[in-house]
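Peer 1: generate coordinates for the sequence data below:
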Amino acid sequence: MPLDDRKKKILEAVINDYILTAEPIGSRTIAKRYNLGVSSATIRNEMADLEEMGYLEQPHTSAGRIPSDKGYRFYVNNILEHYLNESRDDEVEAIDEVFAEIDDIVKKYARLLSTITNHTIVVKMPRIDENTIKRIQILPVDANKLILLVMTESGIMKNYLISLKDNIDNNLFEFLNNLINNKMIGKRKREMDQTLRDEIKKESGSAIGIIDKITDTIINGLKQMDETDLYSEGISNILNFPEYKDLLKAKMFFDLIDNKDIMNSVLEPLDDSIDVTIGSESKFEEMWDLSIIKSTYKINGEVVGTFGIIGPTRMNYKRLINEINTMSNELSKVLSYIYQENKR
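Peer 2: Residues are numbered from 1 along each chain as shown. Model prediction:
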């Protein structure tokens, strides 16, 4: 059954007050704080209907109501269209440094978003899947350890530590650097397949055994870079919410943020728009008391990573959706600018 305008206004009022107080909301409170033009008794009846329809819940017989996941979902779906285009230029103008490593810029925006929202921010860092390799540098740490540095044309820089069973001398390092760069520069990660590996083998000469192992390790390392590259900011902000004063529940939240499998999955971009997952809508039980608002960021129109604001389902969706949308758009502009500079 669709909600009429009066029910919509009462539901929004209950959610707005519950976001602020974390306490069940009664009909008299709504009547006093909102000029809805109806009596407290009418609001009580409407709230009973909203509870019957699944939009509100009553935790105790004598208490007021709190929003259900269905109520939050209705609220989010009905505010997105109105608030996505609002801007917050005053805050984002604080960032004007663009000539820095891209990972550092993304982390700086995550830190700013955490400060503005007082929430925990989780980030899927820039992916290199669709970016062309501009340079690969292999640096020796010792006789059997290497650091692999990869830079893409869009300015994304990644590093990876490689351990080898065999020792490798300086002459072989130089030969390896030249050979790998000659073969890999200008290619995308997904183009680094068996054909490329066979080409490198042909030119490896007497070092074919060790170079084949290193090439295999480099390609696997490039894959792992994108699979594990997560970042979080403001984790302790969860302690500001009364729902997480319980230490056991707080510990479960910290464990969740450390769980790379779950975080990689929830931060996987579905499309290039804002996405909100509320409580039990998540496939992960660990997320059922939480909501996550996520937004992708881009380089030159290509999605390269995801921002997420994570917190209790009692979150200020209206404000947070606006903040993450503004921040993602501004970050995309900065990263695209760097991309264009690198292309020159």
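
Peer 1: so, low pLDDT: which residues of the stretch 101-250 of the chain?
Peer 2: Along the stretch 101-250 of the chain, segments meeting pLDDT under 70 span 101, 128-131, 154-158, 221-228.

Peer 1: now the helices: where do they sit in it?
Peer 2: In the stretch 101-250 of the chain, helices defined by DSSP state H, counting those that start in this stretch lie at 102-117, 170-184, 194-202, 208-228, 247-258, listed in chain order.

Peer 1: in this protein, spot the helix with the most residues.
Peer 2: Among the elements of the chain assigned as helix by DSSP state H, the one spanning the most residues is helix 317-343.

Peer 1: returning to that earlier point: make a markdown table from the helices of the stretch 101-250 of the chain and add distance to Lys9 and mean neighbour count to it.
Peer 2: Placement of C-beta: from N, CA and C, glycine included. As requested, the helices of the stretch 101-250 of the chain are arranged in a markdown table below (distance: least, CB to CB, whole Å; neighbours: other CB atoms under 10 Å):
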| stretch | distance to Lys9 | mean neighbour count |
| --- | --- | --- |
| helix 102-117 | 26 | 19 |
| helix 170-184 | 60 | 15 |
| helix 194-202 | 61 | 13 |
| helix 208-228 | 46 | 16 |
| helix 247-258 | 33 | 14 |
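
Peer 1: can you list those helices in CSV and add distance to Lys70?
Peer 2: Formatted as CSV, the entries for these read as follows, by distance: least, CB to CB, whole Å:
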stretch, distance to Lys70
helix 102-117, 24
helix 170-184, 51
helix 194-202, 50
helix 208-228, 34
helix 247-258, 23
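
Peer 1: so for Ile235, which of those helices sits nearest?
Peer 2: Among the helices of the stretch 101-250 of the chain, the nearest to Ile235 by CB to CB is helix 247-258 (5.7 Å).

Peer 1: packing partners for that closest one?
Peer 2: Secondary structure elements in contact with helix 247-258, counted by 3 or more CB pairs under 8 Å, 6 or more residues apart in numbering; DSSP states H and E, are helix 260-266.

Peer 1: sheet partners, orientation included, of the next helix or strand after the helix it packs on?
Peer 2: Following the chain from helix 260-266 toward its C-terminal end, the next helix or strand by DSSP states H and E is strand 275-278. Counting by DSSP bridges, the strands paired with strand 275-278 are strand 290-299 (antiparallel).

Peer 1: now the element after the partner strand, going C-ward?
Peer 2: As assigned by DSSP H and E, the chain's next helix or strand after strand 290-299 is strand 302-312.

Peer 1: per-residue confidence averaged over that next one?
Peer 2: In this model, strand 302-312 has an average pLDDT of 91.
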